[in-house]
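fold the following for me, if possible:
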Amino acid sequence: MLEYRIDRRSGMATYLQIVQQTKQALRLGLLEPGDKLPTAREVVEATAINPNTVLKAYRELEREGLVEARRGMGTFVRRTLGAAPAGSPLWEELADWARRAGEAGLARDDVAAHFTAALDEHFKGDDA
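Residues are numbered from 1 along each chain as shown. Model prediction:
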């Protein structure tokens, strides 16, 4: 089951962190159509955030057509976003690169900066 990690120091609204992490799980193939998201109560218990924050995030995901709320049953994934799931050769290469970068002494923020720069260079004008 998906477990949300809330970074209170990030400056990003909590509900957007939930939306972003859900989208990431969809892109990585960790969530697939038909999968059930954690209940608002489960997220609240795990993260100590307001239930309305969870509901706001789920409403945003529903508005985007990614999930659907089923009365009395929960919130379920409607569609995925990913093209190359975790475990694909590209994923393995990227994971190996990240491991080697850490072993070379780069901090997480340094690795993120390098990766973002590479994305910017190779995906110019592509907002997707």
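
mind pulling the model confidence for the residue of the chain positioned farthest from its centre?
Most distant residue from the mean C-alpha position of the chain: Ala104, 26.5 Å away (Cα atoms, centre = their mean). Ala104 is assigned 95 on the pLDDT scale.

what does Ala83 give?
Reported pLDDT for Ala83: 68.

try Gly125
pLDDT at Gly125 comes out at 66.

same thing with Glu45?
pLDDT for Glu45: 96.

also Arg78?
If you check Arg78, the pLDDT there is 96.

tell me who's in contact with it.
Pro33, Gly65, Leu66, Val67, Glu68 (Cβ atoms under 8 Å, 6 or more residues apart in numbering). (C-beta placed from N, C-alpha, C; glycine too.)

how close does the last one sit to Leu94?
Distance, Glu68 to Leu94, using Cβ to Cβ, to the nearest Å: 31 Å.
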